[in-house]
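Asker: Pasting a predicted model and its sequence here:
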Amino acid sequence: MANYGPIRRVVGDLSLPNSTVFADLLHSCLKSKSLRDSTRVHARIIKTQFASEIFIQNRLIDVYAKCGCLKDARKLFDKMPQKNTFSWNSLITALTKSGFLDEALGLFRSMPEHDQCSWNSMVSGFAQHDRFEEALEFFSEMHKENFVLNEYSYASALSACSGLVDLSMGIQIHGSMSKSPYLSDVYMGSALVDMYSKCGSVLDAQKIFNWMPMRNIVSWNSLITCYEQNGPANEALQLFPRMMECGFEPDEVTLASVVSACATLSAIEEGKQIHSRVIKFDKFRDDLVLGNALVDMYAKCRKIKAARQIFDQMPIKDVVSETSMVSGYAKAMSVKSARLMFTKMSEKNIVSWNALIAGYAQNGENEEALELFRVLKKESVWPTHYTFGNLLNACANLANLQLGKQAHTHVLKHGLRFVSGPESDIFVGNSLVDMYTKCGSVNDGYRVFENMEERDQVSWNAMIVGFAQNGYGSEALDLFSRMLRSGEKPDHITMIGVLSACSHAGMVEEGRRHFHSMTQEHGLVPTKDHYTCMVDLLGRAGCLQEAKKFIEGMPIEPDTILWGSLLSACKVHRNHEMGMQVAEKLLELEPSNSGPYVLLSNIYAELGQWREVVRVRKLMRHRGVVKQPGCSWIEINNQLHVFMVKDKTHPQRREVYKLLKILIVQMRRNGYVLDAELNVSETYEEQLELDINLGCPSKMELSAAVG
């Protein structure tokens, strides 16, 4: 309860020599933030000779403003017959702190004379309310007017640079600070570390930190957060024990940053250790930011039960913690649980929508991802570039060109320009290129690629691989040459596209040259995928002996995919002797895969060695190897038709088999001869399944088209 005793005594005394007592009373009101007491003191002042005294009126303006009654402060200010600089500054500071920036700007411009406090109020007020460009304009104008820049000026300006991610301006301010006495101040050093961190300049942040003569917990937190957000995240984990060795106890900011670094690195053991530290201190247990970081860390490490346990124990939850759980469930292949959590969320933001859409797309439930996007649009939620990236991936996975074009229309309506920056949307353009090429619309993909305002390495890779996968070998190689001329360096994925293009185009010599250029020109060490591409290239060209020597001379152990590629080539080029050797090798490496058995059986059948055919079939039965039936599908008038080998479930199966027989007759008339005198349907089934298993070009594409 407020103590009105001093006010009552003043009310009864009309012979005060000066206003000091009223100033003291207003100071007490300010400390207690009591608006009621302030108005009582004001009422008493009006009855005295001090009512028009500038000093006491300034105190009243200050008290009213700081007690949150800006209306009364402004009314009193407007009625003052005389004002001094403090009068203006008190009201301007109050307005900027409360976010009434335009009103503060009007007062500032009409102010007869500015001082350092006036300028600092404008710089800090605009910076605190995210009007960063204007804050820096005030800072520059203040400097031009030859006002002394102090630690408050520099701190606010650096904060504005961080908000704008304006490294160039930040460097200029740093240069100005180096000529002032404030550079060695620990708070200024921390502000510089934070600015360089948020502008992504990790090396500069580390240099400032190393140079600082003194450090505090804010300095350490700024650098740890810098590495956590910009990488490498393991540096944040290494700084954490160093900080404690220097005598600094971590606070909730430190722990949240280190936990987030553990999430990035999937460092679950280190994360558990930090969690144990959190549990030991009561002051950390109920911290919302730290709780959210722990939920996110366990969710990203796929420890969804631990994440849920922390989530359930949190006294307060927000959209961040709920979104982390949605994302965690989705990554743990539990999309139903993710959807249930999403449905129960008290508040949904676009991040939570994106997390669930991504979860559906990543788990192969692409139709659900598209349906969720439709719901998002119905609820008037504004999608982001991440939304479109996930949406386009779902369309690409479905190879649904019509839906992909609709998604492209949404992208255009939202004005995405495919440029780099703090919120880079280049990956949406890359997703569009990938979607179109996976749907077989290479020209549309190339049109998107050409119209992108900026491109990154992924852009070039997507188009090169897209050309290669669709049989445009020459175009892929031309684009690769253009990529090199642009100064963009190729990576392992680029070279897979290049080698695949050579393989599809039959450019053996080109393929050899590009393979050797990986190490000699681009500093890339070939991986298993590159060796597989080379074996496929040589095998398609009929260079079987060279392909076999290539496999045997590899610095890495060849796997079943490599041998399978060679086996497929042996079958195509009818090299039965090598085919049998390779098939036997495959049976040793992977006795449960049906592909080599089927191919070996067909090779023996072509040679008329029926006993060997029977032996292979018996071996399959003995080892329990079951060949999965082939499956194909086609979409007609927005309806998907799925066929299995020897399918008897489709409503139009009679018409399908009738057409199949007609095609077989026509194929025979045109000189096509079956590989072996076996049952026709079984041969088709085996050949198609073999081509699918080994990844080789199908000789029976007509059978796939009709099931």
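Answerer: Looks like it came in fine.
Asker: just checking, what packs against the helix or strand hosting residue 235?
Answerer: Per DSSP states H and E, residue 235 falls inside helix 233-245. If you count contacts as 3 or more Cβ pairs under 8 Å, 6 or more residues apart in numbering; DSSP states H and E, helix 233-245 packs onto helix 217-230, helix 252-265. C-betas here are computed from N, CA, C, even on glycine.
Asker: how about the strands of the stretch 501-650 of the chain, start to end?
Answerer: Using DSSP state E, counting those that start in this stretch, the strands assigned to the stretch 501-650 of the chain run over residues 631-636, 639-644.
Asker: Using CSV, write out every CA atom in whichever helix or strand comes after the last one.
Answerer: The reference is to strand 639-644. Next along the chain after strand 639-644, taking DSSP H and E as the criterion, comes helix 653-669. The C-alpha trace of helix 653-669 is given here as CSV (Å, rounded to 0.1, in the frame of the first residue of the first chain):
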residue,chain,number,x,y,z
ARG,A,653,-7.5,-56.6,-67.7
ARG,A,654,-9.1,-58.4,-70.7
GLU,A,655,-8.5,-55.4,-73.0
VAL,A,656,-4.9,-55.0,-71.6
TYR,A,657,-4.0,-58.7,-72.3
LYS,A,658,-5.7,-58.6,-75.7
LEU,A,659,-3.5,-55.6,-76.6
LEU,A,660,-0.4,-57.3,-75.2
LYS,A,661,-1.0,-60.3,-77.5
ILE,A,662,-1.5,-58.1,-80.5
LEU,A,663,1.8,-56.3,-79.7
ILE,A,664,3.7,-59.6,-79.3
VAL,A,665,2.4,-60.8,-82.7
GLN,A,666,3.5,-57.4,-84.3
MET,A,667,6.9,-57.6,-82.6
ARG,A,668,7.5,-61.1,-84.0
ARG,A,669,6.4,-60.0,-87.5
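Asker: nearest residue to residue 353 other than its sequence neighbours?
Answerer: Distance criterion Cβ to Cβ, 6 or more residues apart in numbering; nearest residue to residue 353, sequence neighbours excluded, is residue 376 at 5.3 Å.
Asker: hang on, the one you found packs against residue 383?
Answerer: Yes: counting by Cβ atoms under 8 Å, residue 376 touches residue 383, with 6.4 Å between them.
Asker: residues shared between the contacts of the two?
Answerer: Shared contacts of residue 376 and residue 383 (Cβ atoms under 8 Å, 6 or more residues apart in numbering): residue 353.
Asker: hmm, back to that, distance check, the residue nearest to residue 353 against residue 137.
Answerer: Separation of residue 376 from residue 137 (Cβ to Cβ, to the nearest Å): 38 Å.
Asker: on that earlier part again, need the winner for burial among the helices and strands packed on helix 233-245.
Answerer: helix 252-265 (a mean of 24; mean count of other Cβ atoms under 10 Å).
Asker: how about the helix or strand that it is followed by: buried residues?
Answerer: Stepping forward along the backbone from helix 252-265, the first helix or strand reached (DSSP H and E) is helix 268-280. Using 16 or more other Cβ atoms under 10 Å as the test for burial, helix 268-280 gives 268, 270, 271, 274, 275, 278.
Asker: who touches helix 268-280?
Answerer: Residues outside helix 268-280 that contact it (Cβ under 8 Å, 6+ apart) are 237, 250, 255, 258-259, 262-263, 284-285, 290, 294, 297-298, 301, 303.
Asker: what mean pLDDT does it have?
Answerer: Per-residue pLDDT over helix 268-280 has a mean of 91.
Asker: Name the secondary structure element that contains residue 50.
Answerer: Going by DSSP H and E, residue 50 is not in any helix or strand.
Asker: what's the burial count for residue 187?
Answerer: The number of residues packed near residue 187 is 14, by other Cβ atoms under 10 Å.
Asker: from what I can see it touches residue 218, true?
Answerer: Yes: using Cβ under 8 Å, residue 187 is in contact with residue 218, at 7.4 Å.
Asker: quick one on the thing from earlier: which one of the buried residues of helix 268-280 is nearest to residue 170?
Answerer: residue 274 (31.1 Å; Cβ to Cβ).
Asker: which stretches of the stretch 551-700 of the chain have low pLDDT?
Answerer: Residue ranges of the stretch 551-700 of the chain with pLDDT under 70: 628, 638, 646, 673-700.
Asker: please redo it, this time with the cut-off set to 50
Answerer: Low-confidence segments of the stretch 551-700 of the chain, defined by pLDDT under 50: 676-700.
Asker: Among the buried residues of helix 268-280, which one lies nearest to residue 104?
Answerer: Set against residue 104, the nearest of the buried residues of helix 268-280 by Cβ to Cβ is residue 278 (41.5 Å).
Asker: contacting residues for the nearest residue to residue 510 once chain neighbours are set aside?
Answerer: Counting by Cβ to Cβ, 6+ apart, residue 510 lies nearest to residue 502, which is 5.0 Å off, once chain neighbours are set aside. When contacts are counted by Cβ under 8 Å, 6+ apart, residue 502 touches 473, 477, 508, 510, 511, 514, 537.
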